[in-house]
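Novice: no sequence for this one, just the structure:
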């Protein structure tokens, strides 16, 4: 048994702080997207915005659950892999949401879509907060993944003390 303490190196103070920040950013993104609505427009009308809301809510619940996991758990290597998958999915969901928000802000002259943010600015402000919080969460998850991967792969190939 080469790994007598498999989880001790994955849970550092820095990774805990990054995960807490990312969890709250995902939660803020989901809540902000959830309350984005006006009389004529709702964020849930667009499939990409609904996917953004659901994925950020699921991701924040998953990340909160990981925070409650004991340090000596044998699941930490699996969590590193699942975190990487969730981070890549978050990157794609955030990118699609940003693209749709850009269309709502600026419209598309070729398709005769007029911008709606001039008409309903409070809706656009809430969606903008959600998109910014989503990208902040993506950055925190990405940095957390890099740190955990470096800890798990031991890039200097140093023996454990």
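Specialist: Looks like it came in fine. None of the values given here were measured: they were computed from a predicted structure.
Novice: just the pLDDT for residue 106.
Specialist: At residue 106, the model reports a pLDDT of 89.
Novice: and for residue 153, the neighbour number?
Specialist: 10 (other C-beta atoms under 10 Å). (C-beta placed from N, C-alpha, C; glycine too.)
Novice: low-confidence regions, the protein specifically.
Specialist: The chain contains residues with pLDDT under 70 at 1-10, 43-45, 154-161.
Novice: so who does residue 27 touch?
Specialist: 56-57, 60 (C-beta atoms under 8 Å, 6 or more residues apart in numbering).
Novice: these in strands, which ones?
Specialist: Among these, DSSP state E puts none in strands.
Novice: ok, those vs residue 122, which is closest?
Specialist: Residue 122 has its nearest neighbour among the contacts of residue 27 in residue 56, at 20.4 Å by C-beta to C-beta.
Novice: okay, now that closest one: neighbour count?
Specialist: Neighbour count of residue 56, defined by other C-beta under 10 Å: 28.
Novice: how far away is it from residue 137?
Specialist: To residue 137, residue 56 is 7 Å away according to C-beta to C-beta, to the nearest Å.
Novice: give me the common contacts of these two.
Specialist: 26, 29, 90.
Novice: correct me, but the second one touches residue 138?
Specialist: No - counting by C-beta atoms under 8 Å, residue 29 does not reach residue 138; the two are 9.6 Å apart.
Novice: neighbour count for the two, which is higher?
Specialist: Taking neighbours as other C-beta under 10 Å, residue 29 and residue 138 compare with residue 29 leading, 31 against 21.
Novice: gap between the more buried one and residue 136?
Specialist: Residue 29 is 8 Å from residue 136, where distance means C-beta to C-beta.
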